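**Student:** can't give you the sequence, but here's the structure:
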């Protein structure tokens with residue numbers, strides 16, 4: 001399918017209401033490899049939706065279902081007007097079943113099946129078919145997938161012109177209209193405009209300019225940019241926006257560092273940002289760092305380790321050679337398990353997604369290993385894993401470890417408590433500890449001291465770059481932009 005609107009089977013309510021699908025050119029879909037499609041496809045009730053001024057050409061299905069305009073199950077309230085459909089492997093217009101759909105002032109040409117089809121007849125009127133020009137090679141104009149309820153086509157027909165190219169126009173007694181040559185200007189050359197003496201004009205058909213459908217080329221200009229001149233080049237492009245040019249901003253290889261997300265607005269419409277050498281122009285939000293470096297965080301002072309329990313601390317993000325650096329953790333892979341729960345942290349059985357309002361305490365559990373004795377809980381230790389349900393992953397700060405009792409105490413309750421609140425409480429719960437200085441022992445791991453802001457990192461052999469991202473936001477924010485293209489550009493390293 002070229003354009004699909006709505007996804008609700010039958011006559012159920014749908015959020016796809018009052019859409020306008022207009023001035024599109026949809027060509028060469030299906031290509032003999034796919035089936036059950038339309039140039040433009042609707043499904044479910046779409047009240048107030050208008051499909052207008054579109055061109056649909058060469059829809060070729062592998063078997064059934066190579067339609068031009070397609071109202072699938074329960075389509076309701078859709079108006080098709082001023083559309084040109086040319087060369088479809090099955091019907092130009094097909095409705096599976098629906099209600100109150102209108103096809104008005106369209107030109108339907110060259111269907112290799114019948115022209116109009118209704119797969120399921122229903123007792124109500126399925127729609128209206130008015131002032132259309134319909135031309136097809138041969139055979140009946142209309143087909144249906146089941147018996148007619150009252151012997152009619154279940155649609156209102158008015159002012160249509162039908163013409164079969166073999167001179168034998170079969171309307172099946174179902175489609176009503178005038179049988180006559182529409183007198184196209186030059187159909188063989190792809191000109192489906194009507195000559196002034198076309199009989200369709202006397203029936204009320206109103207010509208429209210279908211050449212306006214699809215992308216229209218503008219004057220083109222190319223602006224060259226390097227990492228040092230990017231800001232000035234973009235300003236130059238924006239200054240000339242009123243000239244309605246299509247501008248290509250071509251980026252030389254290099255790193256284009258963004259202190260803030262690149263914000264594109266209406267003044268950046270019809271812009272292409274293209275790498276002169278694909279994959280070698282790179283937008284980055286971070287800056288190169290060195291292990292042992294003190295990170296300056298532009299987002300403001302970082303809180304101390306204390307006070308963070310359920311919420312992840314605001315850490316800078318670190319990357320190396322296009323990969324995430326990992327907070328120092330234990331175990332380095334997989335999870336550690338525990339079974340015996342000392343305190344669940346909540347009372348009662350909690351199964352839904354709502355934070356319980358009956359916490360009894362942060363919670364605690366027995367842990368057979370003495371590994372936590374190495375950890376500095378005042379500096380901050382976070383446990384990440386599944387404390388209750390196997391679908392509820394959390395990161396919760398730990399408060400301490402009683403080596404004599406071998407009990408880990410939490411600083412806050414997990415959402416669903418620990419262990420005893422799950423249907424699988426007989427299975428071991430699992431976690432890994434992260435952000436722990438004592439566990440900085442593997443290649444690609446880092447430890448960030450939130451008080452001194454120093455980052456320590458174990459660099460893998462041959463590492464090319466280590467990058468710190470300290471500012472919030474992503475790479476690109478676009479609002480009100482039309483016709484934007486970005487090609488061959490790499491986006492790498494951002495907080496969001």
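**Tutor:** Thanks, I have it. This one's a predicted model, so the numbers in the text were calculated from it and none came from an experiment.

**Student:** quick one: the nearest residue to residue 414 once chain neighbours are set aside from residue 408, how far?
**Tutor:** In space, and not counting its chain neighbours, residue 414 is closest to residue 387: 4.1 Å by CB to CB, 6 or more residues apart in numbering. No exception for glycine: its C-beta is placed from N, CA and C like everyone else's. Noted for residue 387: a distance of 11 Å to residue 408, by CB to CB, to the nearest Å.

**Student:** more neighbours, the two?
**Tutor:** residue 387 (29 against 25; other CB atoms under 10 Å).

**Student:** gap between the more buried one and residue 367?
**Tutor:** Using CB to CB, residue 387 is found at 13 Å from residue 367.

**Student:** now do residue 479
**Tutor:** Counting by CB to CB, the gap from residue 479 to residue 367 is 50 Å.

**Student:** more neighbours: which of the two?
**Tutor:** Between residue 479 and residue 367, residue 367 has the larger neighbour count (other CB under 10 Å), namely 20 against 9.

**Student:** torsion angles phi and psi at the more buried one?
**Tutor:** Taking degrees, to the nearest 10, you get phi -140, psi 120 for the backbone angles of residue 367.

**Student:** right, and it touches residue 406 too?
**Tutor:** Yes - the pair residue 367 / residue 406 is scored as a contact, 5.8 Å apart, by CB atoms under 8 Å.

**Student:** residue contacts, the closest residue to residue 113 other than its chain neighbours?
**Tutor:** Spatial nearest neighbour of residue 113, excluding adjacent residues (CB to CB, 6+ apart): residue 90 at 4.2 Å. Neighbour list for residue 90: 61, 64-67, 111-113, 117 [criterion: CB atoms under 8 Å, 6 or more residues apart in numbering].

**Student:** and for residue 214?
**Tutor:** Listed by CB under 8 Å, 6+ apart, the contact set of residue 214 reads 23-25, 55.

**Student:** quick revisit: same list, the contacts of residue 90, but as TSV with distance to residue 8, secondary structure and neighbour count please.
**Tutor:** Compiled in TSV, the contacts of residue 90 are given as follows (distance: CB to CB, whole Å; DSSP: H, G, I helix; E, B strand; the rest coil; neighbours: other CB atoms under 10 Å):
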residue	distance to residue 8	secondary structure	neighbour count
61	24	coil	22
64	23	coil	11
65	20	coil	21
66	24	strand	29
67	19	strand	31
111	28	strand	29
112	31	coil	18
113	27	coil	20
117	22	strand	21
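
**Student:** I'd guessed residue 80 sits against residue 107; true?
**Tutor:** No - between residue 80 and residue 107 there is no contact under CB under 8 Å: 11.5 Å.

**Student:** who does the top strand by length along the chain pair up with?
**Tutor:** As assigned by DSSP state E, the longest strand anywhere in the chain is strand 393-402. Looking at strand 393-402 with DSSP bridges, its partner strands are strand 382-386 (antiparallel), strand 407-410 (antiparallel).

**Student:** tell me how far that strand lies from the chain's centre.
**Tutor:** Strand 393-402 has its average C-alpha position 36 Å from the chain's average C-alpha position, going by CA atoms, centre = their mean, to the nearest Å.

**Student:** before we move on, what about stretch 212-225?
**Tutor:** 25 Å.

**Student:** can you list the low-confidence ranges for this protein?
**Tutor:** Along the chain, segments meeting pLDDT under 70 span 144-154, 172-175, 216-219, 241-244, 295-315, 347-360, 420-427.

**Student:** can you pull out the helices in the stretch 301-450 of the chain?
**Tutor:** Using DSSP state H, counting those that start in this stretch, the stretch 301-450 of the chain contains no helices.

**Student:** could I get the full set of strands for it?
**Tutor:** For the stretch 301-450 of the chain, applying DSSP state E, counting those that start in this stretch gives strands covering 317-320, 323-324, 326-327, 329-330, 336-338, 341-343, 364-366, 382-386, 393-402, 407-410, 429-434, 445-448.
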